[in-house]
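Engineer: Quick one: sequence plus predicted model below, questions after.
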Amino acid sequence: MWRRMILLLVLGAVSLAGCQSVSQPERPPFADIHLHYNWDQDEIYTPEQAINDLREHNVVLAVVSSVPSDFALKLSELGEDWIVPFYTPYYDAGNRLNWFYDEKVVDKAREALASGKFYGLGEIHLVAGAGPRRDNSVFLGLLSLAKEYNVPVNIHTDSSRYEYMLSICEQHPEVRFQWAHVGGILQPEAITPVMEACPNVWADMSARDPWHYGDFVKSNESIPDDWREWIHRFQDRIMVGTDPVSGGHEVYIWHEADDGWDHYARLYNYHRHWLDQLSPEVEKKIRLTNARHFFDYALQKMNQ
């Protein structure tokens, strides 16, 4: 009798496990176009762990920039032909705040693009009131390189006025911009003029940390009507990324490493929450196909 009871318990456990595995839907392919793997993340999170996180969430296209830039190659050099490394002006962990005074930045960026190891420039931070100016020679030199090598620029403009970004994209129509963190500060009425005037701007709906930085939809709420209308209008030029860094709003936290990758699942699920509220056609564009189109140049070169 005891043997029969034990057998029934084992069979029940196996059956339950099987049902659970069947009931859990497979994550759809996902393009994460805003990732970092910085020096202070490498201290506590290995490249293998980062790659495993991406695979676990079925990320099939990942765009990575790092401080210093060579750290992005730690992910791509694992043999993953779906990892797209970008080169940033932050070639050293100490020049994050003054890169635009360093004339060597342009030369190093040219060398990086010429190497064939990097497929874009950025993330480049332009913070109103802190620098650089939009006519800064180093910044303009990077935009010239983007045009010369036909690669996009991931640009982060912290400003409460859309005119700040508008003047950049209008003056450089030949440069393709990945506008970082759309939805973090500016509202649809302030984003629309840029999207209307500059077809070379694609919205990067990344959240470096929606619980600190700002979010356009709360984790347990529906997409607001004005955002839903904006998303449907510009559905062909919107992409999404997780930006797994911690303390981004504090610039530098010297006493501890960046544990942003520990929160990857939370950031991913935040975006799944609002993506799942869209029609299947629009959802797929933002989740995957827009990014594949935008980064097609890189994917083709990487798979040659």
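Structural biologist: Looks like it arrived, so ask away.

Engineer: what's the nearest residue to residue 180 once chain neighbours are set aside in contact with, if anything?
Structural biologist: Leaving aside its sequence neighbours, residue 180 sits nearest to residue 156 (C-beta to C-beta, 6 or more residues apart in numbering; 4.2 Å). C-beta coordinates here come from the backbone N, C-alpha and C atoms, glycine included. For residue 156, the contact set (C-beta atoms under 8 Å, 6 or more residues apart in numbering) comprises 122, 123, 124, 125, 126, 180, 181.

Engineer: for residue 280, same thing?
Structural biologist: The contact partners of residue 280, by C-beta under 8 Å, 6+ apart, come to none.

Engineer: quick one on the thing from earlier: filter the contacts of residue 156 down to just the ones in strands.
Structural biologist: Among the contacts of residue 156, DSSP state E puts 122, 123, 124, 125, 126, 180 in strands.

Engineer: Walking through the stretch 101-250 of the chain, point out its helices one by one.
Structural biologist: For the stretch 101-250 of the chain, helices defined by DSSP state H, counting those that start in this stretch occupy the ranges 104-114, 137-149, 163-171, 188-197, 225-233.

Engineer: Dump those into JSON lines; add mean pLDDT as well.
Structural biologist: Formatted as JSON lines, the helices of the stretch 101-250 of the chain follow (pLDDT from 0 to 100):
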{"stretch": "helix 104-114", "mean pLDDT": "96"}
{"stretch": "helix 137-149", "mean pLDDT": "97"}
{"stretch": "helix 163-171", "mean pLDDT": "95"}
{"stretch": "helix 188-197", "mean pLDDT": "96"}
{"stretch": "helix 225-233", "mean pLDDT": "97"}
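
Engineer: Out of those, flag the one nearest residue 287.
Structural biologist: helix 225-233 (12.2 Å; C-beta to C-beta).

Engineer: If you count neighbours, what's buried in that closest one?
Structural biologist: By 16 or more other C-beta atoms under 10 Å, the buried positions in helix 225-233 come out as 227, 228, 230, 231.

Engineer: Next: stretch 206-216.
Structural biologist: 206, 207, 208, 209, 210, 213, 215, 216.

Engineer: Let's have these in a markdown table, adding pLDDT and distance to residue 83.
Structural biologist: As requested, the buried residues of stretch 206-216 are exported to a markdown table (pLDDT from 0 to 100; distance: C-beta to C-beta, whole Å):
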| residue | pLDDT | distance to residue 83 |
| --- | --- | --- |
| 206 | 91 | 17 |
| 207 | 73 | 21 |
| 208 | 69 | 19 |
| 209 | 72 | 22 |
| 210 | 74 | 24 |
| 213 | 73 | 24 |
| 215 | 80 | 27 |
| 216 | 87 | 28 |
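
Engineer: Switch these over to CSV; also include distance to residue 101.
Structural biologist: Formatted as CSV, those follow (distance: C-beta to C-beta, whole Å):
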residue, distance to residue 101
206, 27
207, 30
208, 25
209, 28
210, 32
213, 26
215, 33
216, 34
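
Engineer: if you look at those, which of them are in strands?
Structural biologist: Of these, the ones assigned to strands by DSSP E are residue 206.

Engineer: follow-up on the earlier one: of the contacts of residue 156 - the most surrounded one?
Structural biologist: With neighbours defined as other C-beta atoms under 10 Å, the most crowded of those is residue 123; it has 26 neighbours.

Engineer: returning to what we had before: so can I have TSV of the helices of the stretch 101-250 of the chain showing distance to residue 271?
Structural biologist: Formatted as TSV, these follow (distance: least, C-beta to C-beta, whole Å):
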stretch	distance to residue 271
helix 104-114	29
helix 137-149	27
helix 163-171	22
helix 188-197	18
helix 225-233	13
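
Engineer: chain center to stretch 66-84: distance?
Structural biologist: Stretch 66-84 sits 14 Å away from the centroid of its parent chain (C-alpha atoms, centre = their mean, to the nearest Å).

Engineer: Tell me which helix or strand comes right after the worst-scoring helix or strand of the chain on mean pLDDT.
Structural biologist: The helix or strand of the chain with the poorest confidence is helix 2-23; it has a mean of 43 (mean pLDDT, DSSP states H and E). Scanning forward in sequence from helix 2-23 by DSSP states H and E, the next helix or strand is strand 30-36.

Engineer: Could you dump the ones in strands among the contacts of residue 156 into TSV and include distance to residue 62?
Structural biologist: TSV is the format used below for those (distance: C-beta to C-beta, whole Å):
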residue	distance to residue 62
122	15
123	14
124	19
125	21
126	24
180	15
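
Engineer: TSV for those, including distance to residue 72 and pLDDT?
Structural biologist: TSV is the format used below for the ones in strands among the contacts of residue 156 (distance: C-beta to C-beta, whole Å; pLDDT from 0 to 100):
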residue	distance to residue 72	pLDDT
122	11	95
123	11	95
124	14	94
125	16	91
126	20	90
180	16	95
